[in-house]
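Asks: sequence and predicted model, in that order:
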Amino acid sequence: MRFRSLAAVFALASLLALGTLLLHPARAQSPYFLNVTQDPNLGPILTDASGMTLYQFAPDMPGMSACTGGCAQVWPPLQPPADGNITLDPAATGTVDVFMRDDGTMQVEYNGHPLYYYSGDQKPGDTNGNGIAGRWSVVAP
């Protein structure tokens, strides 16, 4: 009897794990640091190699981030890779640069717009930060 209970628990755990994989399949890592991803509602948008959406902040200027302190906790800046090799998806036609933020860290910018993640995005494809406060938007390639 105890063996059947353990087998049933194991079977249930296996089914739950399979369901999780089917609902949230693993996304292949892109060979590019910056990618163009097709969003069903927004069209082509800029994402990182894992498919996480990247955002721009309207008050920013080229080489200058207006999002500091608590803002940067909610909107983490996109930092360049450790090897410094910023590869760009061929579908993206813009230019990429890196600048030093006021806190001494480096940040990637695309077409003069500093790039950010949004802490409210949980998985690749989320665009929860688009339109927040009328100043945050996804980045068109």
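Replies: The structure has been received and is ready for your questions. Numbering: from 1, shown residues only.
Asks: quick one: contacts for the nearest residue to residue 81 once chain neighbours are set aside?
Replies: What sits nearest to residue 81 in space, not counting adjacent residues and going by C-beta to C-beta, 6 or more residues apart in numbering, is residue 33, at 6.0 Å. Just so you know, the C-beta spots here come from the backbone N, C-alpha and C atoms, and that holds for glycine as well. Shown in contact with residue 33 (C-beta atoms under 8 Å, 6 or more residues apart in numbering): 48-49, 80-81, 85-88.
Asks: got the confidence number for the most centrally placed residue in the chain?
Replies: Centroid check for the chain by C-alpha atoms, centre = their mean gives residue 52 as the closest residue, at 2.4 Å. On pLDDT, residue 52 comes in at 98.
Asks: residues touching it, list them.
Replies: Residue 52 sits next to 117, 121, 124, 126 when contact means C-beta under 8 Å, 6+ apart.
Asks: quick check: which ranges of the chain have low pLDDT?
Replies: Within the chain, the ranges that satisfy pLDDT under 70 run 1-28.
Asks: which stretches of it form strands?
Replies: 34-39, 43-48, 55-57, 96-100, 106-110, 113-114, 136-138 (DSSP state E).
Asks: can I get these in a markdown table including mean neighbour count and distance to residue 74?
Replies: Formatted as a markdown table, the strands of the chain follow (neighbours: other C-beta atoms under 10 Å; distance: least, C-beta to C-beta, whole Å):
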| stretch | mean neighbour count | distance to residue 74 |
| --- | --- | --- |
| strand 34-39 | 19 | 21 |
| strand 43-48 | 20 | 17 |
| strand 55-57 | 22 | 11 |
| strand 96-100 | 14 | 20 |
| strand 106-110 | 21 | 15 |
| strand 113-114 | 23 | 15 |
| strand 136-138 | 19 | 10 |
